[in-house]
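Q: sequence and predicted model, in that order:
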Amino acid sequence: MLSLASQIETAASSPPIDAGERRALYDAAKKLLNVTEDPFDTIYRVNNSPMILTFSHIACELGIFNSLANSTVPITTTTLAQSSKADPLLLSRILCFLASHDLIMEADENSYAATTITRTLARPGFKAGIAHSFMAIMPCLLAAPQFLADTKYANPDDLVHSPFQAAHNTKEPAFAWAMRQPRIMDDFNLWMSELHDGRKSWLDVFDFAEHASNPSADTLLFVDIGGGIGQQCALLKKVHPKLLGRVVLQDQPFVIPQAIPVEGVEKQSYDIWTEQPLKGAKVYYLRNILHDYPDEKSITIIQNTLSAMSSESVLVIDEIIIPNKGAHSRSTEIDMTMMVSFASTERTEKQWISLLNNAGLKVLSKKVYNDATGQSAIIAVPDCSFFFPPLPHPRISAVRCDPSLDV
Ligand SMILES: C[S@@+](CC[C@H](N)C(=O)[O-])C[C@H]1O[C@@H](n2cnc3c(N)ncnc32)[C@H](O)[C@@H]1O
């Protein structure tokens, strides 16, 4: 055992560079931690976990991670107090806490330096993520126990009656409320951009060009329904710059003006509770929309889209699929966030299939593109057999004969 401990020490002082090797070592170390943790360590870790978020947020606001990350030499508490304008005594206590949790390194008495974690926390998008979690989500988590007790532990499914409304003292849905909070929206958008920037996306697992099959300039190529500020339209244009056809971003009237300007992307105000006005697009796309709503409302959104689909159309649903067994903590954490802030849900594979079938869709394929979160592209078309008289849909007839494609 001693030799294993010293091997771990060696690995810690010189971690592998290869991403795969690092991940394997990290996963193994986590397993080891879980089985070796002393009960007192467990209870203190659980009890005090909100402190990490709280004081990381405070340190971000004071610019501590940035100052350390930008310096090649350790910085004293006095200098950090001068640059942050915080009381040196207060700051010394916060720095001591951060160092004890390895978020920064104690180089000497009252002197600190950056670690890999410090540099991570100094990234603008990650800082924004911390601020968003602290200011928007944490109050909902605090309100959740009383809210769930008051509602007799019913599964929250009303987006204007969730811990969010109790926490933020509002009657509005979370998004409508957030739109009037510039700091929250700025942090959220920055955080979402950082989360998805340069990472795998649905376009890595869905062959858009093949599906579009030689579009012309006026082909309605892509409609991103509830597409927010238009990151996926921008991504599509970046990945397929030469593809002809119309790319349309749809969202609420107050969101559309905030969309990022991208040449060739049309913007349209559209309300998802009404029939889709753009008919016969090659690809309709819903990303992180259905997880905001319970099944009944999700079915309405899907059917409003379905009514516009032609035999050439597919619906791409870009959402987390939680495996029926063995979910990753990243996806269950997002599920809890959905519960407390939108009274909504991430869905398991079984729940997705049931929802989509009930909405009159047939799933052609589902492809996971982020193993940790289970974020996936679900490709679906109208299920002709659901309708009477049946709709002609060439893709369906082929698929329906091949039970191996059933997911
Ligand atoms: C969780 S965000 C997802 C945004 C984007 N699809 C993405 O994945 O980044 C939900 C989006 O749905 C939009 N939305 C909410 N209610 C809507 C409505 N009634 N009509 C159209 N869009 C709506 C919001 O404005 C927001 O942009």
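A: It's in.

Q: need the strands for the stretch 201-350 of the chain, in chain order.
A: 220-225, 246-251, 265-269, 283-287, 314-322, 347-348 (DSSP state E, counting those that start in this stretch).

Q: using JSON lines, lay out those strands together with mean neighbour count and mean pLDDT.
A: To be clear about C-beta, it is placed using only N, CA and C from the backbone, and glycine gets the same treatment. Converted to JSON lines, the strands of the stretch 201-350 of the chain look like this (neighbours: other Cβ atoms under 10 Å; pLDDT from 0 to 100):
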{"stretch": "strand 220-225", "mean neighbour count": "25", "mean pLDDT": "98"}
{"stretch": "strand 246-251", "mean neighbour count": "23", "mean pLDDT": "98"}
{"stretch": "strand 265-269", "mean neighbour count": "16", "mean pLDDT": "97"}
{"stretch": "strand 283-287", "mean neighbour count": "23", "mean pLDDT": "97"}
{"stretch": "strand 314-322", "mean neighbour count": "24", "mean pLDDT": "97"}
{"stretch": "strand 347-348", "mean neighbour count": "21", "mean pLDDT": "96"}
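
Q: to Thr337, which of those lies closest?
A: Nearest of the strands of the stretch 201-350 of the chain to Thr337, taken as Cβ to Cβ: strand 314-322 at 11.1 Å.

Q: is the ligand contacted by that closest one?
A: No: against the ligand, strand 314-322 shows no contacts by Cβ under 6 Å from any ligand atom, the least distance being 7.0 Å.

Q: what angle separates that strand from strand 283-287?
A: 20 degrees (axes from the mean of the first three to the mean of the last three Cα atoms, to 10 degrees).

Q: packing partners for whichever helix or strand Thr79 is part of?
A: Per DSSP states H and E: Thr79 is located in helix 77-84. Helices and strands touching helix 77-84, as assessed by 3 or more Cβ pairs under 8 Å, 6 or more residues apart in numbering; DSSP states H and E, comprise helix 64-69, helix 88-100, strand 111-113.

Q: looking at those, which is buried most?
A: helix 64-69 (a mean of 23; mean count of other Cβ atoms under 10 Å).

Q: Ala380: neighbour count?
A: Using other Cβ atoms under 10 Å, Ala380 is surrounded by 26 other residues.

Q: list the contacts for it?
A: By Cβ atoms under 8 Å, 6 or more residues apart in numbering, the contact list for Ala380 reads Val314, Leu315, Val316, Ile317, Leu356, Leu361, Lys362, Val363, Leu364.

Q: how much space separates it from Ser365?
A: Distance of Ala380 to Ser365, given as Cβ to Cβ, to the nearest Å: 9 Å.

Q: rewinding a little: quick one, which of the helices and strands packed on helix 77-84 is nearest to the ligand?
A: Smallest distance to the ligand across the helices and strands packed on helix 77-84 (Cβ to the nearest ligand atom): 26.2 Å, for helix 64-69.

Q: mean confidence for the closest one?
A: The average pLDDT within helix 64-69 is 98.

Q: which strands and helices lie in contact with that helix?
A: helix 77-84, helix 88-100, helix 116-121.

Q: what does the protein put close to the ligand?
A: 175, 192, 226-228, 231, 251-252, 255, 270-273, 287-289, 292.

Q: put the buried members of those into a PyMOL selection.
A: Of those, the buried ones go into a single PyMOL selection, burial set by 16 or more other Cβ atoms under 10 Å:
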select buried, resi 175+192+226+227+228+231+251+255+270+272+287+288+289+292
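
Q: quick one on the thing from earlier: as a markdown table, the helices and strands packed on helix 64-69 with distance to Pro215 would be great.
A: Below are the helices and strands packed on helix 64-69 laid out as a markdown table (distance: least, Cβ to Cβ, whole Å):
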| stretch | distance to Pro215 |
| --- | --- |
| helix 77-84 | 54 |
| helix 88-100 | 53 |
| helix 116-121 | 41 |
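
Q: Throw the ones you listed into CSV and include mean pLDDT and distance to Gln165, thanks.
A: Converted to CSV, the helices and strands packed on helix 64-69 look like this (pLDDT from 0 to 100; distance: least, Cβ to Cβ, whole Å):
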stretch, mean pLDDT, distance to Gln165
helix 77-84, 98, 35
helix 88-100, 98, 32
helix 116-121, 96, 31
